[in-house]
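K.L.:
just to be clear, the model below is a prediction. Sequence and coordinates:
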Amino acid sequence: MLRRVALVAAALLAAGHPLTAQNSQFGINTIGSPGRPESVRARSTGGAFAAFDAMSAVADVALTDVKRLTASAVGWSAIRDISPTGGKTQTLKESRFPLFTLAGPIGPYMVLGGGFGSYLDHSYDLITRDSTLIRGDMVKYVDENIGDGGVTDVRFALAAKVGPRLAIGLGVHGLTGSDRLTAIRVFDSLSAYAPVRDTNVVKHTGFGMTASVRLEPFYGVSLVGFVRSDGKLDVKVNENPRGTTDLPLTVGAAVRLILKPGLRVAGSVTRSTWSVVGVDSYNTMDWAVGTELGGAGFAVRLGARGGQFPFATGGSAPSEIAVSAGLGRTFASGHGVLDFGVERLQRSGTGLDEGVWTLMTGFTVRQ
């Protein structure tokens, strides 16, 4: 079984590179769209269970629930409707493998975990039409601007139980990735003017740390607090240093209640200081509530979340709200888990609305 888990992990890592896609339009002129480091199980509950889910990368303390070597991966596909004010609605599609987690116990009270996730997505393809004055004549042209890439979060974490009701978790995060930015201009008069193409590679590196604590004061009640500090993101353009970008501090808290066997509810709040990134960046406050019904073999999940998207032009952060649902099924005597989820997101900002349907699949293998 150890060999099987290792082979699955290797295959998922090989498949884990972002595909060419269209991210949120609000994130195109910024450092990218923030990822959600949540398993399908957690995201199907609106993210409310993410701080208690060992296969999510929100609170490292959740790793204490891992009793045997476990590997998990997430894949999703999205259909995005873009509705500019006074413009025509367009439909865009994207598919990604945004999260992989591997964890296992290294003692009776300690668990080591790690993996990778999408920290920032920055993929887009924009086409605009304009004209310019050349040699006294107005010449029409088409510009295509393509971005392909983002920033990946590589995590190493350790969690331990320090008492019957108390556990802690610590993690370190390496941020790495690149954007390939391509600009193409094609003139209407191809016989007179040749097309122009320019490509730049923007590389990113950074470092972050996380800490979390879980307290279980009574049976069926769990409280989690977590914090993440990501410092700065170093930027190079074609291997030439171009400065740094400040990254946010994130703090959050969550509560989970076991109301009766087979019925669990949770809620969370999170605040991130994205305004440190720069112009047209805003701090965000997010909330989530969700429920999970069922036992170890089969579970039904429902959830909702709301808050803000951190980037936009127009003087305020876009608002967003989402509802989600999902199913989980355990098989092979508990060695395998399949999770399915669907989310409907509505995001609104100055001059633009986005509606997104996301279909999610998660696969977990246990020793």
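P.N.:
Arrived safely. Numbering: from 1, shown residues only.
K.L.:
buried residues in whichever strand or helix holds V269?
P.N.:
Using DSSP states H and E, V269 sits in strand 263-272. Going by neighbour count (16 or more other Cβ atoms under 10 Å), the buried part of strand 263-272 is 264-268, 270-272. (Each C-beta comes from the backbone N, C-alpha and C, glycine too.)
K.L.:
what pairs with it, and is each one parallel or antiparallel?
P.N.:
Its sheet considered, strand 263-272 pairs with strand 249-260 (antiparallel), strand 284-294 (antiparallel) by DSSP bridges.
K.L.:
got a list of contacts for the helix or strand just after the last one?
P.N.:
It refers to strand 284-294. Using DSSP H and E, the helix or strand that follows strand 284-294 towards the C-terminus is strand 298-308. Strand 298-308 is contacted from outside by 41, 43-49, 270, 282, 284-294, 317-330, 341, using Cβ atoms under 8 Å, 6 or more residues apart in numbering.
K.L.:
about what we covered before: quick one: closest of the strands paired with strand 263-272 to P105.
P.N.:
Closest to P105 of the strands paired with strand 263-272 is strand 249-260 (Cβ to Cβ; 21.7 Å).
K.L.:
and the closest one, how far out from the chain middle?
P.N.:
Relative to the centre of its chain, strand 249-260 is centred 19 Å away, using Cα atoms, centre = their mean, to the nearest Å.
K.L.:
okay, now the nearest residue to L247 once chain neighbours are set aside: neighbour count?
P.N.:
Leaving out its chain neighbours, the residue that sits closest to L247 by Cβ to Cβ, 6 or more residues apart in numbering is D230, at 3.7 Å. D230 has 21 neighbouring residues, counting by other Cβ atoms under 10 Å.
K.L.:
begin at 42 from here
P.N.:
Understood, numbering begins at 42; the last thing we discussed is D271.
K.L.:
C-terminal to the worst-scoring helix or strand of the chain on mean pLDDT, what's the next element?
P.N.:
Lowest by mean pLDDT, DSSP states H and E among the helices and strands of the chain is helix 43-55, with a mean of 34. Downstream of helix 43-55, the first helix or strand assigned by DSSP H and E is strand 74-75.
K.L.:
partner strands of that following strand and their direction?
P.N.:
In the sheet, strand 74-75 lines up with strand 151-162 (antiparallel) (DSSP bridges).
K.L.:
could you give the mean pLDDT of the strand it pairs with?
P.N.:
Averaged over strand 151-162, pLDDT sits at 95.
K.L.:
and if you look at stretch 73-91?
P.N.:
Mean per-residue pLDDT for stretch 73-91: 96.
K.L.:
how long is it end to end?
P.N.:
Start-to-end span of stretch 73-91 (Cα to Cα, to the nearest Å) is 22 Å.
K.L.:
next SSE after the lengthiest strand in the chain?
P.N.:
Using DSSP state E to define each element, the chain has its longest strand at strand 178-202. Per DSSP H and E, the first helix or strand lying C-terminal to strand 178-202 is strand 207-228.
K.L.:
just give the nearest non-adjacent residue to R305, would you?
P.N.:
Once flanking residues are discounted, R305 sits nearest to E333: 4.8 Å by Cβ to Cβ, 6+ apart.
K.L.:
check whether the one you found really touches F90, as I assumed.
P.N.:
Yes - because the distance of 6.6 Å satisfies Cβ atoms under 8 Å, E333 is recorded as touching F90.
K.L.:
hey, what's R121 bridged with?
P.N.:
On the basis of DSSP bridges, R121 is bridged to L133, V397.
K.L.:
any stretches of this structure with poor pLDDT?
P.N.:
Within the chain, the segments meeting pLDDT under 70 span 42-63.
K.L.:
if we can go back for a sec, give me the residues contacting the strand holding V310.
P.N.:
86, 88-93, 289-300, 324-334, 348, 351.
K.L.:
just the buried ones from the residues you listed?
P.N.:
Counted by 16+ other Cβ under 10 Å, the contacts of strand 304-313 give 86, 88-93, 289-291, 293-297, 325, 327-333, 348, 351 as buried.
K.L.:
distance check, T173 against A235.
P.N.:
Taking Cβ to Cβ, to the nearest Å as the measure, T173 falls 15 Å from A235.
K.L.:
contacting residues around T169?
P.N.:
Counting by Cβ under 8 Å, 6+ apart, T169 touches 183-184, 186.
K.L.:
give me the beta-bridge partners of it?
P.N.:
Applying DSSP bridges, one finds that T169 bridges with D184.
K.L.:
now, which of the contacts of T169 sits nearest E257?
P.N.:
Of the contacts of T169, the one sitting nearest to E257 (Cβ to Cβ) turns out to be N186, at 51.2 Å.
K.L.:
now the closest one: closest residue in space that isn't a chain neighbour?
P.N.:
Excluding its sequence neighbours, the residue lying closest to N186 (Cβ to Cβ, 6+ apart) is L167, at 4.7 Å.
K.L.:
so the one you found makes contact with E185?
P.N.:
Yes - the pair L167 / E185 is scored as a contact, 7.1 Å apart, by Cβ under 8 Å.
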